[in-house]
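Enquirer: Sequence and predicted structure below; questions after.
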Amino acid sequence: MRPAGGSITDVPGIRVGHHERVGRGWQTGTTTVLAPGGATPGVDVRGGGPGTRETDALAPANLVDTIHAVCLTGGSAYGLAAADGVMSWLERAGLGVPVGPDPAHVVPVVPAAVIFDLGRGGRFDHRPDAAFGERSARRATARQARWGSVGAGAGAIAGGLQGGVGTASAIVAAPAAVGDDPIEIVVGALAVVNANGAVIDPASGLPWERGGHAFKRPPAAERHALRAAVAAAGAPASNTTIGVVATSARLGKAEAGKLAEVAHDGLARAVRPAHSMVDGDTIFAMATGAVELPGVAGRLGDDRTRAAALNVVLRAAATSFAEACTHAVIAAHAVGEAPAYRDLCPSAMPC
């Protein structure tokens with residue numbers, strides 16, 4: 001199911017791949033967001049229990065200014081091993097930070113973040129490893145159609161419901177230099193929702209953030225079934241929403257970091273509450289640089305036009321990430337003990 005708001009793969013240069021295992025003691029997986037042409041990175045980590053890799057490398061003051069992939073995975077801290085497989089795939093493709101005269105001598109920098117899904121399939125020791133990461137990278141495509149209970153979302157639970165992987169995008173017109181036509185920029189988001197909070201309002205039976213979806217208020221019987229299921233499940237002890245926001249704009253590292261920061265506003269609109277002590281909410285940014293913004297990166301104070309253009313991109317990032325969080329839950333199907341929203345409230349589902 002693709003959302004009304006599009007997909008992160010609408011951003012030129014972005015690909016997505018998933019690998020998951022479900023059944024026989026497994027319920028977990030890995031999702032990789034690829035940018036083979038490179039992307040300027042950023043990151044913003046919130047919540048009390050993050051599990052991450054290579055986030056320090058993305059700080060504006062540090063050396064790495066280009067990445068080619070972000071790995072999102074289940075398995076809690078154990079699952080960070082999946083990034084090794086993405087790293088191996090990139091090395092074979094010759095993508096990474098050059099470290100020698102031979103073009104094959106590269107060190108891929110693969111930022112990663114995890115959700116907690118340990119034991120949800122029945123076996124605590126069944127979690128992603130390097131093979132999961134390599135397979136998800138190998139399967140990455142620019143026309144990804146698999147969403148919901150796939151990849152890193154296979155073992156996700158959101159407010160007592162089956163969580164998943166969701167996506168959305170927007171095309172915005174940003175102001176250009178004086179006398180020029182507005183600049184068309186694509187912004188997309190991918191969210192893996194395994195939240196302590198809820199994406200669905202238990203009173204109305206509808207998502208907090210509906211975006212471009214035409215939801216219908218479910219009848220009383222379905223709302224009652226939803227509330228009963230959520231109450232019976234309770235809240236899992238360890239959670240997290242992780243994701244990527246991407247744009248076709250060319251940004252500096254500080255601006256990409258701001259993009260990731262503002263995307264958290266969308267998370268907080270769609271998941272209530274967000275950023276708790278048992279969440280490790282982490283959002284990465286990837287700016288592919290296909291479209292130039294006016295002015296010079298990092299000189300916002302001296303260039304009001306660039307600041308205005310960046311603000312348009314930031315607003316779209318928050319909106320897209322909010323819609324991606326909603327999509328993660330409405331696209332999910334039940335693969336474990338947690339019920340799916342689409343089964344409890346079928347009357348509410350958009351056509």
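Expert: In hand now; what should we look at? Numbering: from 1, shown residues only.
Enquirer: Just give me the neighbour total for Pro41.
Expert: Pro41 is flanked by 29 other residues according to other CB atoms under 10 Å. From N, CA and C alone the C-beta is placed, and that goes for glycine too.
Enquirer: Could I get the average pLDDT for the helix or strand harbouring it?
Expert: Assessed by DSSP states H and E, Pro41 sits inside strand 26-45. Taken as a whole, strand 26-45 has an average pLDDT of 98.
Enquirer: Equivalent analysis for stretch 257-274, please.
Expert: For stretch 257-274, the per-residue pLDDT averages 96.
Enquirer: Dump it to CSV, keeping only the CA atoms.
Expert: The C-alpha trace of stretch 257-274 is given here as CSV (Å, rounded to 0.1, in the frame of the first residue of the first chain):
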residue,chain,number,x,y,z
GLY,A,257,21.1,18.4,10.8
LYS,A,258,18.4,21.0,11.1
LEU,A,259,16.3,19.0,8.6
ALA,A,260,16.5,16.0,10.9
GLU,A,261,15.7,18.1,13.9
VAL,A,262,12.6,19.6,12.5
ALA,A,263,11.4,16.2,11.3
HIS,A,264,11.0,15.3,14.9
ASP,A,265,8.2,17.9,15.1
GLY,A,266,6.3,15.7,12.6
LEU,A,267,7.0,12.6,14.8
ALA,A,268,5.5,14.4,17.8
ARG,A,269,2.4,15.3,15.8
ALA,A,270,1.8,11.7,14.7
VAL,A,271,2.9,9.8,17.8
ARG,A,272,1.6,10.8,21.2
PRO,A,273,3.5,10.9,23.4
ALA,A,274,6.9,10.9,21.7
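Enquirer: Could I get the full set of strands for the stretch 151-300 of the chain?
Expert: Applying DSSP state E, counting those that start in this stretch to the stretch 151-300 of the chain gives strands spanning 157-158, 161-162, 164-174, 183-194, 240-249, 282-291.
Enquirer: If you average the pLDDT over the longest one, what comes out?
Expert: Which is strand 183-194. In this model, strand 183-194 has an average pLDDT of 97.
Enquirer: likewise the third one?
Expert: Per-residue confidence for strand 164-174 averages out to 95 on the pLDDT scale.
Enquirer: Return the alpha-carbon coordinates of it using PDB.
Expert: Extracted in PDB, the C-alpha atoms of strand 164-174 (Å, rounded to 0.1, in the frame of the first residue of the first chain):
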ATOM      1  CA  GLY A 164       5.800  -1.000  10.600                       C
ATOM      2  CA  VAL A 165       7.600   1.000   8.000                       C
ATOM      3  CA  GLY A 166       5.800   4.000   6.400                       C
ATOM      4  CA  THR A 167       6.700   6.600   3.900                       C
ATOM      5  CA  ALA A 168       5.500   9.900   2.400                       C
ATOM      6  CA  SER A 169       6.700  12.800   0.200                       C
ATOM      7  CA  ALA A 170       5.900  16.300  -0.900                       C
ATOM      8  CA  ILE A 171       6.900  18.500  -3.800                       C
ATOM      9  CA  VAL A 172       7.300  22.100  -2.700                       C
ATOM     10  CA  ALA A 173       8.100  25.400  -4.300                       C
ATOM     11  CA  ALA A 174      10.800  27.400  -2.500                       C
END
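Enquirer: quick revisit: any idea which of the strands of the stretch 151-300 of the chain gets closest to Gly23?
Expert: Smallest distance to Gly23 across the strands of the stretch 151-300 of the chain (CB to CB): 15.0 Å, for strand 161-162.
Enquirer: Contacts for that closest one, please.
Expert: Outside strand 161-162, the residues that touch it by CB atoms under 8 Å, 6 or more residues apart in numbering are 149, 156, 198-200, 229-230, 233, 329, 332-336, 338-341, 344.
Enquirer: Out of these, list just those in helices.
Expert: Ala229, Val230, Ala233, Val329, Tyr341, Leu344 (DSSP state H).
Enquirer: List the contacts of the second one.
Expert: I take that to be Val230. With CB under 8 Å, 6+ apart as the criterion, the residues that contact Val230 are Gly159, Gly160, Leu161, Ala198, Pro202.
Enquirer: Look at it and report its pLDDT.
Expert: Residue-level confidence at Val230 comes out at 86, pLDDT.
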